[in-house]
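Chemist: I need the structure of the sequence given here:
(one chain, ligands or ions: 1)
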Amino acid sequence: MNRQQKAELAALLGDGVRWNVSMARHSTFRAGGRAEALADVNGVEELRDLLRWLRRSGVPWRIIGRGSNILVSGRGFAGVIIRLQGELAAVDLRHEPDRAGPGPVVIRAGGGCSMARLLAWCTAHCLGGLEFLAGIPGSVGGGVCMNAGAWGQAMGERLQGVEILDCDGRLQRLAADALRFSYRRMEVAGREPERMIIVSAWFGLQRDRQAEIVARCRDYLARRRQKQPAGVASAGSFFKNPDGDYAGRLIEAAGLKGLARGDAMVSPRHANFIVNTGRATADDIAALVAEVQERVYRNSGVRLEPEVHIF
Ligand SMILES: Cc1cc2nc3c(=O)[nH]c(=O)nc-3n(C[C@H](O)[C@H](O)[C@H](O)COP(=O)(O)OP(=O)(O)OC[C@H]3O[C@@H](n4cnc5c(N)ncnc54)[C@H](O)[C@@H]3O)c2cc1C
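Modeler: Numbers count the residues shown, from 1 in each chain. Here you go, the predicted structure:
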């Protein structure tokens with residue numbers, strides 16, 4: 001950004017913009033290059049103005065949620081990284097059928113709302129259906145974009161619709177049947193996912209007993225603790241599972257558990273987790289990822305594709 005663009009952005013967002021920010025502090029990997037600007041946006045109007053300004057000025061941008069499935073490369077990101085906060089991270093009730101009536105209870109959650117907050121809200125309101133998200137450290141927007149899921153369930157299945165802002169600042173509500181969900185991916189016909197922001201999402205849930213919702217969340221969390229490395233920085237599963245197989249199985253079969261580049265390591269506990277054992281840089285992670293891809297290909301003929309979005 002040139003000096004004038006910086007001044008315009010500062011005038012638009014005030015305290016909401018920070019400069020030259022290490023993205024290691026905003027990613028669960030605790031690694032990543034610097035963003036030229038990190039913009040926290042609190043409302044739809046502010047976000048619309050920002051997107052229109054970005055369009056006019058040609059400054060590159062990306063949206064992130066909780067940074068649990070991204071890696072900003074060592075070069076850094078020359079442009080604006082946007083996060084949703086305030087009213088764009090709230091949850092509220094949209095439609096409640098009569099107590100005896102059929103049909104789901106519909107809630108709306110802002111794109112910036114964390115999964116943890118969404119689940120706590122659902123539990124407090126005795127609404128079941130999203131418990132499978134327990135332990136996934138993302139946001140609603142990131143979860144919908146990635147079609148996050150676990151234990152045979154995924155976010156797309158509970159979704160009734162989304163509200164999106166496109167890069168021209170147009171707000172649109174799309175029903176679930178306008179969206180296509182596949183493994184760790186959401187598509188909207190005719191649109192590039194990187195060019196739109198999920199402002200909010202509607203979910204259809206069932207009333208349930210609070211104790212049962214809590215028990216299901218605890219069960220999922222306990223299962224997670226058994227399988228995944230705990231207390232170490234990562235972005236969850238790094239590679240997508242190829243059709244009919246598991247990335248973790250292929251990495252283990254290539255003998256790569258424990259392989260390290262700097263402080264980036266293939267977790268000895270779960271081979272599809274690349275973990276940051278201390279001060280790994282984005283370059284360490286990228287070097288390790290390339291080596292894992294190469295050695296798995298040599299061993300099994302399968303090219304592993306990252307699930308983590310790298311930019
Ligand atoms: C310990 C651990 C365990 C995990 N377990 C699971 C699991 O069981 N299942 C699973 O599916 N994932 C899992 N993940 C990965 C991750 O938590 C999910 O993919 C999550 O949904 C990402 O959400 P986020 O808000 O952190 O997105 P980010 O990582 O911030 O972003 C991911 C992508 O979503 C886009 N995005 C974010 N917000 C928006 C928005 N509002 N509008 C449009 N696009 C947006 C970003 O541009 C980026 O391309 C795990 C991660 C960790 C660290």
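Chemist: In three-state terms, label Val199 for me.
Modeler: strand (DSSP: H, G, I helix; E, B strand; the rest coil).
Chemist: Around the closest residue to it other than its chain neighbours, how many other residues sit close by?
Modeler: In this structure, Val199 finds its nearest non-sequential neighbour in Glu163, 4.6 Å apart by CB to CB, 6 or more residues apart in numbering. In this view, the C-beta of every residue, glycine as well, is placed from N, C-alpha and C. For Glu163, the count of nearby residues is 18 (other CB atoms under 10 Å).
Chemist: if I read this right, Glu163 contacts Arg170, doesn't it?
Modeler: No. Counting by CB atoms under 8 Å, Glu163 stays clear of Arg170, with 11.1 Å between them.
Chemist: my guess is Arg34 contacts Arg25, does it?
Modeler: No. Counting by CB under 8 Å, Arg25 is not a contact partner of Arg34; they are 10.2 Å apart.
Chemist: Looking at the two, which one has more neighbours?
Modeler: Legend: neighbour count by other CB under 10 Å for Arg34 and Arg25, higher for Arg34 (18 against 10).
Chemist: Which strand residues bridge the more buried one?
Modeler: Ser22 (DSSP bridges).
Chemist: ok, it to the ligand distance?
Modeler: 16 Å (CB to the nearest ligand atom, to the nearest Å).
Chemist: What of Gly231?
Modeler: Counting by CB to the nearest ligand atom, the gap from Gly231 to the ligand is 10 Å.
Chemist: near the ligand, which residues of the stretch 51-200 of the chain show up?
Modeler: Contact residues, the stretch 51-200 of the chain versus the ligand (CB under 6 Å from any ligand atom): 62-70, 84, 111, 136-139, 141-143, 145-146, 148-150, 197-198.
Chemist: if we can go back for a sec, against which helices or strands is the strand or helix carrying the residue nearest to Val199 packed?
Modeler: In this structure, Glu163 sits in strand 159-166 according to DSSP states H and E. If you count contacts as 3 or more CB pairs under 8 Å, 6 or more residues apart in numbering; DSSP states H and E, strand 159-166 packs onto helix 44-57, strand 171-175, strand 179-182, strand 196-207.
Chemist: anything in whichever helix or strand comes after the last one near the ligand?
Modeler: Counting by DSSP H and E, the next helix or strand C-terminal to strand 196-207 is helix 210-227. No. Against the ligand, helix 210-227 shows no contacts by CB under 6 Å from any ligand atom, the least distance being 7.3 Å.
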